[in-house]
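Trainee: output the structure for:
(2 chains)
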There are 2 protein chains.
Amino acid sequence: MRFDPVHIPLSGERFVAAYSICGDERQARETAHSICVEQTVEFPEDLLPEGDIPEHIVGRVETFSQEGAGRWTATISFASEVAGAELTQLFNLVFGNISLQEGIRLERLQLSPSLLHMYGGPRFGRSGLRQIFQEPRRPLLSTALKPLGLSADSLARLAHACARGGIDLIKDDHGLADQSFAPWSERVKRCAAAVGDANALTGGNSVYLPNITSSCDRVIERAHEAKRAGAGGVLLAPGLTGFSVMRELAADSSFGLPIMSHPSYLGAYLTHPDNGVSHFALLGQFMRLAGADAVIFPNYGGRFSFSREACQDIVNGTVAPMGRIASIFPTPGGGMTLERVDEMRAMYGDDVIFLIGGGLFRGGSDVTDTCRRLRDAVSSPFPAQ
Amino acid sequence: MRFDPVHIPLSGERFVAAYSICGDERQARETAHSICVEQTVEFPEDLLPEGDIPEHIVGRVETFSQEGAGRWTATISFASEVAGAELTQLFNLVFGNISLQEGIRLERLQLSPSLLHMYGGPRFGRSGLRQIFQEPRRPLLSTALKPLGLSADSLARLAHACARGGIDLIKDDHGLADQSFAPWSERVKRCAAAVGDANALTGGNSVYLPNITSSCDRVIERAHEAKRAGAGGVLLAPGLTGFSVMRELAADSSFGLPIMSHPSYLGAYLTHPDNGVSHFALLGQFMRLAGADAVIFPNYGGRFSFSREACQDIVNGTVAPMGRIASIFPTPGGGMTLERVDEMRAMYGDDVIFLIGGGLFRGGSDVTDTCRRLRDAVSSPFPAQ
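Mentor: Below you'll find the predicted structure:
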C-alpha cells in the first residue's frame, strides 16, 4: 500500500524525555532510534507516507551520550501535539510499549510550555500545605491508622490520640478500604469527628485523610463524602486507580482538599535500575502532573529496598522546575522511629513530611505522649543551636 | 499502647496467592512470612492486639517449596473479607507494598468462591466473540489502524480496505488518542461507518474497535459514544487507565460490547523474572477479572523480548479455571507476517486472535488482497490435510 504525502498543521513545539539505555554503543543507538518509532508510528519506516509523519510525528534523538559502562543517555523529543491533552496518552507516549522491552529506563521529562499549561498540578503543594497547618518552617508529621482489623471505633480512638499529640496528617493505612469490619463510611465519619474533637481540645490543626482508593467513580464520590464528613484531605494510590483520577480530583474546585499519594503497586517500575521509570520521574514529576500535594515513599534504611540515593532522587523530583506546577512534600515512611528524627532532618532538611507508622507504638504505652515527643523533636531548631 | 483483644465476625473463607521468592531458604521463609504481615496489618507483630487480627487478618503461609536454585514458591492465604469487594483492594492486598521489594514475584491467584462471585469477568470471552463473528473454529484476525499522523479520513479508508479483506477486529493503534490531526469523535464516526460500508459490500462481520483509553470519566463516555457511532467493540489499556474502569465497562449492560485490552505501560511488571507479576496472572487472570474479552501481548520472536514460554504462560492464564469467569482470547501481535501463520497456529492452536500490524503493509501494494490471503491462510484446516 502506498500512502499520499501527509501534511499536518503542527506548532513545531516539542518536549523531551530522557532515557537510560543499556548495551554497547551500537545497540544503544539502535534502541534510541527504535524508541522514536515504537512510541509513535509503530510502523515500518520505509513504508511511511512522505511528509510530516517521518519529519515530525516520529520521535527525534536530540542527544546521545555515555552515562557509564554499557549505559547511555538519550534525550528524545516528541511533537507536543502527539501527547494530546490526556495524561494517559502522555504516559503512553513516553513509556507505553517500551515498558515491555528490557534495558530502557525513563529518567525524566522536560515538558513543553503547552503541555505544562494543560496540567494544573497540585492545588496546594508545599506552600499550600504549610498555610493549612500554619507551620512555616518545621517538618510536618504524619501517621497511619492501623492495624487493619480494628473497628471504626478503635481507629477513631487512635486518630484522637494522635491528633491530641499534634500529628498533622493522620491518614488511613492504605490497606483500609471498605472491609466489613470497618466499613468506609462509618470509619470516615468517626475518624473525622475524632480528629475534630481533638483539635477543639488542643487548638490544633490536625487533619484526617481517609483512603479513597477504589474504582474511579467511587474515588470521586468518596472524596466528596469525606469532605462532608469533615476530613481535611484524602489518601490515594494512583498505581491502583490510574493517575488520571487524581488529576481530575486535584482540578475539582468543589473538592479542594489536599491529596496525599501512596506508592502501592508502583514498585515494579522502580525495583530495577535498567528498566521502568526513575524515582525522580515516577514519584516526583508524574505525581506532580497528576496533582498530589505530598508523595509517600519508603525511607532508606527501613524494611524496603530504597537506597539513600533513590530517596534523594525523589526529593529532587518533587521540587525540580516544572513551569507553574508547584513543588510537593516528600513523605518518607517505613521503619521510622523517634531516634531517627535528627538523621532524617540531616538528610531531608525541613521541607518534608515524616510518616511514622508502627514505630509510634514502640515509643511506650501512651501514643499521645510519643506523638508529642515527636512533635517536639521536629519543632526544635536543627541542627541544635 | 495496648489494644484490647479484637474479635471480628469472619466467614473463615480464604483465598490464595502464589509467589516466587528469591534467596536462600532462610531468607525466603522470612520473606514469605513478611509478605503475610506487610500486605495486611503492616504493624509490629508483637504489638498486635490479641485475637482475630493475628489469627485471621494476617496472611498465612500455606505451603513453601523449592522451585529451583535460590528460588522458592510460597502460597499465602488471606481472609476473603480483607480483599473487600474492590479490584483495587484485591491488587493492593496481593501485590501493593511488596511491589516495592526486590525478589518477590506474584505468580498466580486462586480466588475463593465469594471473590469469584464478585467479579463477573468478560461479557463475551472466547465463545461470545465466536458467536459475534459466526466463526466457530478458525483463528480470528485483527489489525491496527496506523501510522499515527494519518487523518481520520485516511484511517477510515484503511479500515475499509481491511474490512473488505475480511479482518475481523479492526482496532485503532493504541497511540491514537484525541490528537488534533485525527480527533477522536471524527475518527470514530468515520472508521465505524467505513467498516459498516465494507460489511454491506461483502456480507462480512468485521467490527471496528476505537481506542477509548483516557481518564476514567472519558473512558465511559467514549465507550457509549463509540457504540452510538457504530463501533463493534473498544480497545482499552488498563495499565494507563487502571483496571477498575474496564471492570465497570464490562459490567455495564447499557454498553454491552467486547473489550480488547492493550498491554501499554504494563511491561515493568513483566520484564524481570524475579519481580513483578507473572504473565499468567497479569495478562491472563487480572485481565479476566477486569472483564477483557481478548488480551493483546507481544508475540515471541517479534521486536519485544517476550519468550515463547512467556506467551504460553499468557495463553494458560486466559483459560485456567476461574469459577464462572470465562476464558478469553490470547491476541499475540508484533512482528507478525503472513509467512508465520502456520508456525503460530502450531504454537497457539486456533483459539487465538492473530494481530497483524505493520506487517500487513509488507504484503504488497493492495492491503485488501493481503488481508484476504491472511484470511484464507487461517481458514484452511491446520495442519494441512
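Trainee: would the lengthiest helix in chain A count as contacting chain B?
Mentor: Using DSSP state H, we find that the single longest helix of chain A is helix A:184-202. No: contact of helix A:184-202 with chain B is not found when judged by Cβ under 8 Å from any Cβ of the partner chain; the minimum separation is 9.0 Å. Quick note: C-beta positions are derived from backbone N, CA and C, even for glycine.
Trainee: what's that helix in contact with?
Mentor: Residues outside helix A:184-202 that contact it (Cβ atoms under 8 Å, 6 or more residues apart in numbering or on different chains): A:145, A:152-153, A:155-157, A:159-160, A:163-164, A:166, A:170, A:172, A:176-178, A:204-208, A:210, A:222, A:225-226, A:229-232.
Trainee: which ones among those map onto strands?
Mentor: A:145, A:170, A:172, A:207, A:208 (DSSP state E).
Trainee: as a markdown table, these with neighbour count, pLDDT and distance to chain B would be great.
Mentor: As requested, the ones in strands among the contacts of helix A:184-202 are exported to a markdown table (neighbours: other Cβ atoms under 10 Å in any protein chain shown; pLDDT from 0 to 100; distance: Cβ to the nearest Cβ, whole Å):
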| residue | neighbour count | pLDDT | distance to chain B |
| --- | --- | --- | --- |
| A:145 | 27 | 97 | 11 |
| A:170 | 32 | 98 | 15 |
| A:172 | 28 | 98 | 12 |
| A:207 | 26 | 98 | 21 |
| A:208 | 31 | 98 | 18 |
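Trainee: ok, so of the residues you listed, who is nearest residue B:183?
Mentor: The nearest member of these to residue B:183, counting by Cβ to Cβ, is residue A:172 at 40.8 Å.
Trainee: for the stretch 151-300 of chain A, what lies in contact range of chain B?
Mentor: Contact residues, the stretch 151-300 of chain A versus chain B (Cβ under 8 Å from any Cβ): A:151, A:154, A:161, A:173-175, A:177-181, A:213-218, A:237, A:239-242, A:244-245, A:247-248, A:263-272, A:275-277, A:298.
Trainee: one more time with 6 Å
Mentor: Residues of the stretch 151-300 of chain A lying close to chain B by Cβ under 6 Å from any Cβ of the partner chain are A:177-181, A:213-216, A:240-242, A:244-245, A:248, A:264-265, A:267-269, A:271-272, A:275-276, A:298.
Trainee: sitting in strands, which of the residues you listed do you find?
Mentor: Short answer: those in strands (DSSP E) are A:276, A:298.
Trainee: what number of residues lie near residue A:255?
Mentor: Neighbour count for residue A:255, taken as other Cβ atoms under 10 Å in any protein chain shown: 17.
Trainee: likewise residue A:310?
Mentor: Using other Cβ under 10 Å, residue A:310 has 20 other residues around it.
Trainee: and if you look at residue A:90?
Mentor: By other Cβ under 10 Å, the residues close to residue A:90 number 28.
Trainee: residue A:205 now?
Mentor: Neighbours around residue A:205, by other Cβ under 10 Å: 14.
Trainee: equivalent analysis for residue A:319, please.
Mentor: So residue A:319, with other Cβ under 10 Å, has 17 neighbours.
Trainee: isn't it right next to residue A:326, touching?
Mentor: No: Residue A:319 lies out of contact with residue A:326 (Cβ atoms under 6 Å); the separation is 9.5 Å.
Trainee: could you report the separation of the most centrally placed residue in chain A from residue A:315?
Mentor: Geometric centre of chain A, nearest residue: residue A:287, 3.5 Å, by Cα atoms, centre = their mean. Going from residue A:287 to residue A:315 by Cβ to Cβ, to the nearest Å gives 12 Å.
Trainee: equivalent analysis for residue A:81, please.
Mentor: Taken as Cβ to Cβ, the span from residue A:81 to residue A:315 is 33 Å.
Trainee: neighbour-wise, which of the two wins?
Mentor: Neighbour count, other Cβ under 10 Å: between residue A:81 and residue A:315, residue A:315 has more, with 25 against 22.
Trainee: so who does the residue of the stretch 251-385 of chain A found nearest chain B touch?
Mentor: Of all residues in the stretch 251-385 of chain A, residue A:267 sits closest to chain B, at 3.2 Å by Cβ to the nearest Cβ. Shown in contact with residue A:267 (Cβ atoms under 6 Å, 6 or more residues apart in numbering or on different chains): B:99, B:100.
Trainee: run the last query once more with 8 Å
Mentor: B:97, B:98, B:99, B:100, B:101.
Trainee: also residue A:134?
Mentor: Residues in contact with residue A:134, defined by Cβ under 8 Å, 6+ apart, are residue A:205.
Trainee: model confidence score at it, please.
Mentor: Looking at residue A:134, its pLDDT reads 96.
Trainee: surely the residue nearest to the centre of chain A and residue A:328 touch.
Mentor: Yes: shown here, residue A:287 and residue A:328 form a contact pair, counting by Cβ atoms under 8 Å, at 6.6 Å.
Trainee: joint contacts of those two?
Mentor: Shared contacts of residue A:287 and residue A:328 (Cβ under 8 Å, 6+ apart): A:295, A:318.
Trainee: chain A: strands as residue ranges?
Mentor: With strands called from DSSP E, chain A shows them at A:14-22, A:60-68, A:71-79, A:104-110, A:140-145, A:169-172, A:207-209, A:234-236, A:259-261, A:276-277, A:294-298, A:329-333, A:353-356.
Trainee: could you point out which of these sits nearest residue B:115?
Mentor: Nearest of these (Cβ to Cβ): strand A:169-172, 22.2 Å.
Trainee: residues touching stretch A:357-365, excluding its own?
Mentor: Applying Cβ under 8 Å, 6+ apart, the contact partners of stretch A:357-365 are A:143-144, A:146, A:162, A:173, A:333-338, A:367, A:369-371, A:373-374, B:1-2, B:42-44, B:47.
Trainee: report the buried residues of that stretch.
Mentor: Neighbour-count burial for stretch A:357-365, counted by 16 or more other Cβ atoms under 10 Å in any protein chain shown, picks out A:357, A:358, A:359, A:360, A:361, A:363.
Trainee: now do stretch A:365-381, average pLDDT.
Mentor: pLDDT averaged over stretch A:365-381 gives 93.
Trainee: using CSV, write out every CA atom in it.
Mentor: Taking Å, rounded to 0.1, in the frame of the first residue of the first chain, the C-alpha atoms of stretch A:365-381 are listed here in CSV:
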residue,chain,number,x,y,z
SER,A,365,2.3,2.8,76.1
ASP,A,366,0.9,6.3,75.7
VAL,A,367,0.6,7.1,71.9
THR,A,368,-0.3,10.7,72.6
ASP,A,369,2.9,11.2,74.6
THR,A,370,5.0,9.6,71.9
CYS,A,371,3.4,11.9,69.3
ARG,A,372,4.2,14.9,71.5
ARG,A,373,7.8,13.9,71.8
LEU,A,374,8.0,13.5,68.0
ARG,A,375,6.4,16.9,67.6
ASP,A,376,8.9,18.5,70.0
ALA,A,377,11.7,16.8,68.2
VAL,A,378,10.8,18.2,64.8
SER,A,379,9.9,21.6,66.2
SER,A,380,13.3,22.3,67.7
PRO,A,381,15.9,24.1,65.6
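Trainee: circling back to that earlier point, JSON lines for the buried residues of stretch A:357-365, including distance to residue B:254?
Mentor: Below are the buried residues of stretch A:357-365 laid out as JSON lines (distance: Cβ to Cβ, whole Å):
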{"residue": "A:357", "distance to residue B:254": "43"}
{"residue": "A:358", "distance to residue B:254": "46"}
{"residue": "A:359", "distance to residue B:254": "50"}
{"residue": "A:360", "distance to residue B:254": "48"}
{"residue": "A:361", "distance to residue B:254": "49"}
{"residue": "A:363", "distance to residue B:254": "54"}
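Trainee: where are the low-confidence patches of the stretch 201-350 of chain A?
Mentor: A:335 (pLDDT under 70).
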